[in-house]
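Asks: curious how this folds, go ahead:
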Amino acid sequence: MEIYGYIASVFIGVSLGLIGGGGSILTLPVLVYLFGVDAFLATEYSLFIVGVSSMVGSASYFKKGLVNFKTAFVFGLPSIVSIFLTRKYLLPLIPDDIFSLGNLIVTKNLFLLLIFAGLMIIASYKMIQKQVEITTEINHSENHKTLLAAGEGSIVGVFTGLVGAGGGFMIIPALVNLLKIPMKVAIGTSLVIISFNSLIGFFSTFNAMKIQWNLLGTISAIAIGGILIGTQLSKKIDGKKLKPAFGWFILVVGIYIIIKELFL
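Replies: Model prediction:
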């Protein structure tokens, strides 16, 4: 199964480079189902892989002036705080065996995977739905927009801390629709936010003794190669046109996780 995992790692990077998000949501199932990594440990691995590949991917956008650092700070700082609090204090509070329903024992790993599957289904919906321009103008003040962005950043941080997903599918719509940032700049800014969120989340709680650095380094290197490919493809392909197809794929994976964990 590992060979399929390495192939899938390429697509993690390609999707990040091409559409600025979505790739991170593939990382956890790839680690768990193709590499056999424990679900809780996989959330740590995912943070590192997504963080490093996103940082590399953001470099080309930075060179082109397609990163809004003020927005990255406004959105990213609350995310970082939420990630740290979630991984440092909330995750350790979740018991190994949470509760049981008949023969089904809901463990910590199962709980995290079900949350993740739900997140995948939500992400798929956002990717599949048609991007309709809202013609009704809502005149929010700059302060109101800043508060809304910070609030959404905090929400993204909680999910990133719990399941190791970068949250690009939530970040980009917020940047485009709420803060009215052009799509290309939103993708570059999203990659910066994801990279800082993920790496700070990883290094705030990681245990070096548990990490398989050879595996982690190999997957990260492949994902970086994928993101470089995706960045080049973004010059020729409109990522928005690929989002619905990728959304359907994410939906299928999310449903598969629920069925596998609960019924198989």
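
Asks: report how many residues lie close to residue 2.
Replies: Residues lying near residue 2 (other Cβ atoms under 10 Å) number 11. For glycine as for every other residue, the C-beta is placed from the backbone atoms N, C-alpha and C.

Asks: which ones are touching it?
Replies: Residues in contact with residue 2 (Cβ atoms under 8 Å, 6 or more residues apart in numbering) are 34, 35.

Asks: how near is it to residue 200?
Replies: From residue 2 across to residue 200, the span is 29 Å (Cβ to Cβ, to the nearest Å).

Asks: likewise residue 218?
Replies: Separation of residue 218 from residue 200 (Cβ to Cβ): 23 Å.

Asks: likewise for residue 168?
Replies: Look at residue 168 and residue 200: by Cβ to Cβ, they are 16 Å apart.

Asks: same question, residue 63
Replies: Distance of residue 63 to residue 200, computed by Cβ to Cβ: 23 Å.

Asks: residues contacting residue 195?
Replies: Per Cβ under 8 Å, 6+ apart, neighbours of residue 195: 50, 51, 52, 54, 55, 58.

Asks: now tabulate those residues in a markdown table and tack on pLDDT and secondary structure.
Replies: What follows is the contacts of residue 195, written out as a markdown table (pLDDT from 0 to 100; DSSP: H, G, I helix; E, B strand; the rest coil):
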| residue | pLDDT | secondary structure |
| --- | --- | --- |
| 50 | 85 | helix |
| 51 | 88 | helix |
| 52 | 90 | helix |
| 54 | 84 | helix |
| 55 | 88 | helix |
| 58 | 86 | helix |
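
Asks: returning to what we had before: which one's more surrounded, residue 63 and residue 200?
Replies: A direct count of neighbours by other Cβ under 10 Å for residue 63 and residue 200 places residue 200 higher, at 20 against 10.

Asks: now that one: closest residue in space, sequence neighbours ignored.
Replies: Leaving out its chain neighbours, the residue that sits closest to residue 200 by Cβ to Cβ, 6 or more residues apart in numbering is residue 80, at 5.2 Å.

Asks: the one you found - how many residues pack around it?
Replies: Residue 80 has 21 neighbours, counted by other Cβ under 10 Å.

Asks: for it, pull up the helix or strand it's in.
Replies: Using DSSP states H and E, residue 80 maps to helix 69-85.

Asks: hey, C-alpha coordinates of that helix in PDB?
Replies: The C-alpha trace of helix 69-85 is given here as PDB (Å, rounded to 0.1, in the frame of the first residue of the first chain):
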ATOM      1  CA  PHE A  69       1.000  39.700   4.900                       C
ATOM      2  CA  LYS A  70      -1.400  42.100   6.800                       C
ATOM      3  CA  THR A  71      -4.200  39.700   6.000                       C
ATOM      4  CA  ALA A  72      -2.100  36.700   6.800                       C
ATOM      5  CA  PHE A  73      -1.400  38.200  10.300                       C
ATOM      6  CA  VAL A  74      -5.000  39.200  11.000                       C
ATOM      7  CA  PHE A  75      -6.200  35.700  10.000                       C
ATOM      8  CA  GLY A  76      -3.200  33.700  11.100                       C
ATOM      9  CA  LEU A  77      -2.600  35.000  14.600                       C
ATOM     10  CA  PRO A  78      -5.900  33.800  16.000                       C
ATOM     11  CA  SER A  79      -5.500  30.500  14.200                       C
ATOM     12  CA  ILE A  80      -2.100  30.000  15.800                       C
ATOM     13  CA  VAL A  81      -3.400  30.700  19.200                       C
ATOM     14  CA  SER A  82      -6.300  28.300  18.700                       C
ATOM     15  CA  ILE A  83      -4.000  25.500  17.300                       C
ATOM     16  CA  PHE A  84      -1.700  25.800  20.300                       C
ATOM     17  CA  LEU A  85      -4.500  25.700  22.900                       C
END
